[in-house]
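1. after the sequence you'll find the predicted model.
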Amino acid sequence: MELVADKRTKAEFMPEENVGYRVHAASQVRGMFTRMRGDVYNLAPCYITQQTQIDHMVDILGDSIEAVLGK
Amino acid sequence: MDSTPDADDLRRDQAHLIHSLHNRGFQEQAHVWVSGYGATLVDENGREYLDALAGLWNVIAGHGRGELGHAAARQMSRLGYASAFSGSTNRPAIELAERLAALCYPRINRFFFTCGGAEANESAFKTVRFYWKLLGKPAKTRIISRSFGYHGTTLAAMSATGLASYWPMFEPRVPGFVQIESPYPYRFHPPDAAADDPRTPGEMAADLLEEAILREGVDNVAAFIGEPVQAAGGVIVPPDDYWPRIRQICDRHHVLLIADEVITGFGRTGDWFALGRYGIEPDLITFAKGITSGYFPLGGMGVSDTIADALDSADGPQTWMHAFTYSAHPVGCAVALANLNILEREELLPRGPQLGRAAAAAPEDARIASARRRGSRAGAVGGGGTRRRQAD
């Protein structure tokens, strides 16, 4: 999931905003761990991940983005 | 973060450990991971985390698989190590290579094992050079790769890796490594393309390879390396017409195609290996990670029958003088066999695409500009400042 400052222009966030790092931190508070590529949140779960866990991951990611970037 | 790492563990860590991508600031808040089960990791404070990346893309069968530990213990008790240099071999390595030949592309039936993906790619780079020298074309040494590509961080692998942040403090890069633009559908802009260009974006992105080969000189280019889906670069799925055209271009200019399947291999896209769905085969494949679900460091390279025949023909001063102490490690191979047993017995491969669909479908969210998925890696492209759909 690539986070961009402006969906229309696809402009990236300024590096000093550390958006990716902050979303990663926010998702850890909510109980999910990954590795970022800059402002890209990578998802590649274990094959045995349950459907409810996948749903939970999506919720955590959404909440974390909202916590960092606002609604 | 609201968890409090054990201060003593972190003090000792910082006193004596250097970490991959070492960063003292990150390490101040490091997790001390102590256990795992299924898709869950547990740190030393007992806090649980959904493991969104299956370790580093590798723990495909999930955490806490005692069966893999038992396989390692059994093999360690019987034979913990023996050389597998020419003149020696071991049964787990034989069985694993035979099994991979059945799972892999039809033309790829011979395998060399390493400790991981970077060593696998280094092996592939050396093998393509070796192959062309044997064929009397010693100038064919250059390797073409792509931006956003990740192929490891040893010196040649780093030089193929197309993430520039990995380079500056270790340059100069190895000469003879050249990058072209990624086919990243969200950001690919064909250079100097006329408005009426009839080609698709996938075709234009593939044609950058042909331009690079002609620029470098057909007689100087040994191989093109690419991940079928660029993973560490941000889960980039190329257009469907990209890879078939890449194969055609490689064939037209006698350039070998190396598929870096370190992440896509062993089911991540829903198939054992990822290029079959495009109707093509590579000349070499590199793999690691999922082959042992990360429980033992193991990677490797598979080569086409043509390259295998060349290897068999070489002798004396032309011998393939490439080696690792831990190549074909009997314990790693035994763990890999047990891991393949799990993947097959539990029919885990068909789950890949199901999970990907679930994750891509779930966030029907105004901020998501586009979702990209292939198998169970889900990536999406989104932007800030809009409202996420309420989960319930």
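-> In hand now; what should we look at?
2. now the stretch 101-250 of chain B, which segments are flagged as low pLDDT?
-> B:191-193 (pLDDT under 70).
3. can you list the residues of it near chain A?
-> Within the stretch 101-250 of chain B, the positions near chain A by CB under 8 Å from any CB of the partner chain are B:163, B:186, B:187, B:231, B:232, B:233, B:234, B:235. Where you see a C-beta, it was placed from the backbone N, CA and C, and this is true even at glycine.
4. and those as a markdown table, adding secondary structure and neighbour count?
-> Compiled in a markdown table, these are given as follows (DSSP: H, G, I helix; E, B strand; the rest coil; neighbours: other CB atoms under 10 Å in any protein chain shown):
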| residue | secondary structure | neighbour count |
| --- | --- | --- |
| B:163 | coil | 19 |
| B:186 | coil | 15 |
| B:187 | coil | 17 |
| B:231 | coil | 26 |
| B:232 | coil | 24 |
| B:233 | coil | 22 |
| B:234 | coil | 25 |
| B:235 | coil | 26 |
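5. angles on the backbone of residue B:118, please.
-> phi -60, psi -40 (degrees, to the nearest 10).
6. pretty sure it sits against residue B:150.
-> No: with contact defined as CB atoms under 8 Å, residue B:118 and residue B:150 do not form a contacting pair (10.0 Å).
7. state the distance from residue B:153 to residue B:119.
-> Look at residue B:153 and residue B:119: by CB to CB, to the nearest Å, they are 11 Å apart.
8. repeat for residue B:249
-> Applying CB to CB, the value for residue B:249 to residue B:119 is 28 Å.
9. which one's more surrounded, these two?
-> A direct count of neighbours by other CB atoms under 10 Å in any protein chain shown for residue B:249 and residue B:119 places residue B:119 higher, at 24 against 20.
10. just confirm the more buried one is within a strand.
-> No: judged by DSSP: H, G, I helix; E, B strand; the rest coil, residue B:119 forms no part of a strand; its state is helix.
11. nearest spatial neighbour of residue B:138, skipping sequence neighbours?
-> Spatial nearest neighbour of residue B:138, excluding adjacent residues (CB to CB, 6 or more residues apart in numbering or on different chains): residue B:132 at 6.8 Å.
12. and the one you found, how many residues sit next to it?
-> The number of residues packed around residue B:132, counting by other CB under 10 Å, is 23.
13. now do residue A:63
-> Neighbour tally, residue A:63, other CB under 10 Å: 17.
14. can you confirm it is in a helix?
-> Yes: the assignment for residue A:63 is a helix, going by three-state DSSP.
15. that one contacts residue A:32, correct?
-> No: the pair residue A:63 / residue A:32 is not scored as a contact, 9.9 Å apart, by CB under 8 Å.
16. element containing residue B:145, please.
-> In this assignment (DSSP states H and E), residue B:145 forms part of strand B:142-146.
17. next structured bit after that strand?
-> By DSSP H and E, the next helix or strand past strand B:142-146 is helix B:155-160.
18. now for the next helix-or-strand element following that following helix, which elements pack on it?
-> Remark: after helix B:155-160, the chain's next helix or strand is strand B:177-180, criterion DSSP H and E. Counting contacts by 3 or more CB pairs under 8 Å, 6 or more residues apart in numbering or on different chains; DSSP states H and E, strand B:177-180 packs against strand B:142-146, helix B:155-160, helix B:201-216.
19. and the longest one, what does it pack onto?
-> To tie it back to what came earlier, the one meant is helix B:201-216. Secondary-structure packing of helix B:201-216 (3+ CB pairs under 8 Å, 6+ apart): strand B:142-146, strand B:177-180, strand B:221-226, helix B:242-252.
20. closest one to residue B:107 among those?
-> The closest of the helices and strands packed on helix B:201-216 to residue B:107 is helix B:242-252. By CB to CB, the value is 12.2 Å.
21. pull out the buried residues from the closest one.
-> By 16 or more other CB atoms under 10 Å in any protein chain shown, the buried positions in helix B:242-252 come out as B:242, B:243, B:244, B:245, B:246, B:247, B:249, B:250.
22. stretch B:209-229 too?
-> In stretch B:209-229, counting by 16+ other CB under 10 Å, buried: B:209-210, B:212-213, B:216, B:220-229.
23. again with stretch A:8-26
-> A:12, A:13, A:19, A:20, A:22, A:23, A:24, A:26.
24. restricted to helices, list these.
-> A:19, A:20, A:22, A:23, A:24, A:26 (DSSP state H).
25. out of these, who's near chain B?
-> Filtering those for proximity to chain B (criterion: CB under 8 Å from any CB) leaves residue A:19.
26. just checking, what packs against the strand holding residue B:145?
-> strand B:177-180, helix B:201-216, strand B:221-226.
27. pull up the pairing partners for it, direction included.
-> Taking DSSP bridges as the criterion, strand B:142-146 forms sheet pairs with strand B:177-180 (parallel), strand B:221-226 (parallel).
28. follow-up on the earlier one: of the helices and strands packed on strand B:177-180, flag the one that's most buried.
-> Using mean count of other CB atoms under 10 Å in any protein chain shown, the stretch among the helices and strands packed on strand B:177-180 with the largest mean neighbour count is strand B:142-146, at a mean of 25.
29. and the contacts of it?
-> B:125, B:128, B:151, B:160-162, B:176-183, B:209, B:212-213, B:216, B:220-226, B:230, B:255 (CB atoms under 8 Å, 6 or more residues apart in numbering or on different chains).
30. tell me which helix or strand in chain A has the weakest average pLDDT.
-> Least confident helix or strand, chain A: strand A:36-37 with a mean of 90, by mean pLDDT, DSSP states H and E.
31. quick one: that one to chain centroid distance?
-> Offset of strand A:36-37 from its chain centre (CA atoms, centre = their mean, to the nearest Å): 9 Å.
32. wait, does the next helix or strand along the chain from that strand contact chain B?
-> Moving toward the C-terminus from strand A:36-37, the next helix or strand (DSSP H and E) is strand A:40-41. Yes: using CB under 8 Å from any CB, strand A:40-41 reaches chain B at residue A:40.
33. which strands and helices sit next to whichever strand or helix holds residue A:52?
-> Here residue A:52 sits within helix A:51-69, counting by DSSP H and E. For helix A:51-69, the elements it packs on are helix A:19-29, strand A:32-33, strand B:48-51, helix B:351-361, judged by 3+ CB pairs under 8 Å, 6+ apart.
34. next, the buried residues of that helix.
-> Residues A:53-54, A:56-69 are the ones in helix A:51-69 that count as buried (16+ other CB under 10 Å).
35. quick one: which of the helices and strands packed on strand B:177-180 is nearest residue B:74?
-> helix B:155-160 (32.9 Å).
36. alpha carbons of the closest one, as PDB, please.
-> Once non-C-alpha atoms are left out, helix B:155-160 reads as follows in PDB (Å, rounded to 0.1, in the frame of the first residue of the first chain):
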ATOM      1  CA  LEU B 155      28.300  -6.500  -3.500                       C
ATOM      2  CA  ALA B 156      27.100  -7.800  -6.900                       C
ATOM      3  CA  ALA B 157      23.600  -8.400  -5.700                       C
ATOM      4  CA  MET B 158      23.500  -4.800  -4.300                       C
ATOM      5  CA  SER B 159      24.700  -3.600  -7.700                       C
ATOM      6  CA  ALA B 160      21.700  -5.300  -9.300                       C
END
